[in-house]
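K.L.:
no letters, just coordinates:
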Ligand SMILES: *[C@@H]1O[C@H](CO)[C@@H](O)[C@H](O)[C@H]1NC(C)=O
Ligand SMILES: *[C@@H]1O[C@H](CO)[C@@H](O)[C@H](O)[C@H]1NC(C)=O
Ligand SMILES: [Zn+2]
């Protein structure tokens with residue numbers, strides 16, 4: 001019931017204003033949206049702190065094939081996931097099971113991710129939402145400050161189509177109208193994300209849901225490695241429609257203040273600044289640079 005009211009409110013927020021104005025109004029309606037530890041954020045890589053406990057995440061049953069429905073819920077497309085796939089390790093306190101995934105995007109491949117890296121906004125962002133394995137519903141999990149773990153993945157433009165996304169993007173074309181849904185061909189979560197060997201580099205911080213009620217109950221993991229999609233594939237999402245029939249795009253919340261939070265990076269996460277320093281050190285050692 002609570003969730004239903006939330007969704008109706010949420011849908012009207014997105015549709016009443018498709019521009020950047022809408023999310024600013026949230027903190028009037030939802031107290032927590034004005035909280036101190038909100039998401040998304042801009043990740044400033046040189047200010048991240050390397051944490052050796054952030055080892056590779058253990059994905060279990062991510063290869064499991066499942067059937068589900070894809071739904072245009074008025075602010076995104078969402079797919080429910082049977083609770084078989086779990087994540088653990090990587091500094092997470094316990095096991096979290098997958099609940100659903102959805103996306104945030106821009107205008108036909110334009111800037112659209114929620115998190116940004118050193119100010120760069122990617123064209124789209126995937127959120128795979130998990131809750132602690134002993135909870136049976138999201139409402140309860142949202143009352144636990146670490147009840148939810150979201151995995152965030154960026155997308156990048158590629159010259160060729162991503163075959164692993166063909167089926168899902170074809171169904172996106174069939175749920176243009178708000179509240180429409182259609183069955184999804186059998187998919188696995190693993191097929192949506194980069195191979196496990198490419199997932200060792202990630203950022204970690206404590207934040208919130210990026211839609212009302214903005215509960216500060218989320219352990220965020222944002223992966224460095226983007227998922228490639230062609231321009232056509234990215235553009236398919238902009239053909240979806242809000243309640244009022246307007247094109248669904250720009251359905252991301254702007255970045256929120258850090259308010260003193262530390263962002264950590266995994267052992268594998270690269271930091272461009274350090275490779276630049278390394279290069280400088282090497283060229284110094286080789287006598288290639290002449291400081292003065
Ligand atoms: C999908 O749409 C059908 C018919 O419009 C509806 O009865 C059903 O409840 C919807 N399913 C979901 C998961 O929203
Ligand atoms: C990681 O990604 C790169 C670039 O997309 C790819 O060439 C490489 O094969 C991937 N590595 C593994 C181990 O899958
Ligand atoms: Zn999201």
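P.N.:
The structure has been received and is ready for your questions. If you're wondering where the values come from, they're calculated on a predicted model, not measured in any experiment. Ligands and ions are numbered 1, 2, ... in the order given.

K.L.:
what sits up against stretch 231-251?
P.N.:
When contacts are defined by Cβ atoms under 8 Å, 6 or more residues apart in numbering, stretch 231-251 is touched by residues 11-12, 14-15, 18-20, 72, 74-77, 103-110, 112, 123-124, 155, 157, 161-162, 165, 169, 172-173, 175-178. (Each C-beta comes from the backbone N, C-alpha and C, glycine too.)

K.L.:
what about these, which are in strands?
P.N.:
In strands, defined here by DSSP state E, the members of these are 72, 77, 103-105, 124, 155, 157.

K.L.:
and the protein, which of its residues are near ligand 1?
P.N.:
Contact residues, the chain versus ligand 1 (Cβ under 6 Å from any ligand atom): 69, 71, 181.

K.L.:
am I right that the second one is in contact with residue 77?
P.N.:
Yes: here residue 71 lies in contact with residue 77, judged by Cβ atoms under 8 Å, at a distance of 6.8 Å.

K.L.:
between these two, what contacts are shared?
P.N.:
Residues touching both residue 71 and residue 77 (Cβ under 8 Å, 6+ apart) are residue 175.

K.L.:
circling back to that earlier point, just the buried members of the contacts of stretch 231-251?
P.N.:
Neighbour-count burial (16 or more other Cβ atoms under 10 Å) is assigned, among these, to 11, 14-15, 18, 72, 74-77, 103-106, 108-109, 112, 123-124, 155, 162, 165, 169, 172, 175, 178.

K.L.:
could you confirm whether the host helix or strand of residue 222 reaches ligand 2?
P.N.:
Using DSSP states H and E, residue 222 falls within strand 218-223. No: using Cβ under 6 Å from any ligand atom, strand 218-223 stays clear of ligand 2, coming no nearer than 11.8 Å.

K.L.:
who does that strand pair up with?
P.N.:
Applying DSSP bridges, strand 218-223 is found paired with strand 148-158 (parallel), strand 202-207 (antiparallel).

K.L.:
now what about whichever helix or strand comes after that strand, what contacts it?
P.N.:
Going down the chain from strand 218-223, the next helix or strand is strand 227-230, by DSSP H and E. With contact meaning Cβ under 8 Å, 6+ apart, strand 227-230 is reached by 123-124, 126, 153-162, 165, 192-194.

K.L.:
most surrounded residue in the residues of the chain next to ligand 1?
P.N.:
residue 71 (20 neighbours; other Cβ atoms under 10 Å).

K.L.:
just send the ones in strands among the contacts of stretch 231-251 back as JSON lines, with distance to residue 237 too.
P.N.:
Output for these, formatted as JSON lines (distance: Cβ to Cβ, whole Å):
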{"residue": "72", "distance to residue 237": "10"}
{"residue": "77", "distance to residue 237": "7"}
{"residue": "103", "distance to residue 237": "7"}
{"residue": "104", "distance to residue 237": "9"}
{"residue": "105", "distance to residue 237": "5"}
{"residue": "124", "distance to residue 237": "7"}
{"residue": "155", "distance to residue 237": "10"}
{"residue": "157", "distance to residue 237": "13"}
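
K.L.:
distance to residue 232 and pLDDT added to those, as JSON lines?
P.N.:
Converted to JSON lines, those look like this (distance: Cβ to Cβ, whole Å; pLDDT from 0 to 100):
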{"residue": "72", "distance to residue 232": "19", "pLDDT": "97"}
{"residue": "77", "distance to residue 232": "17", "pLDDT": "97"}
{"residue": "103", "distance to residue 232": "16", "pLDDT": "98"}
{"residue": "104", "distance to residue 232": "19", "pLDDT": "98"}
{"residue": "105", "distance to residue 232": "14", "pLDDT": "98"}
{"residue": "124", "distance to residue 232": "13", "pLDDT": "98"}
{"residue": "155", "distance to residue 232": "13", "pLDDT": "98"}
{"residue": "157", "distance to residue 232": "10", "pLDDT": "98"}
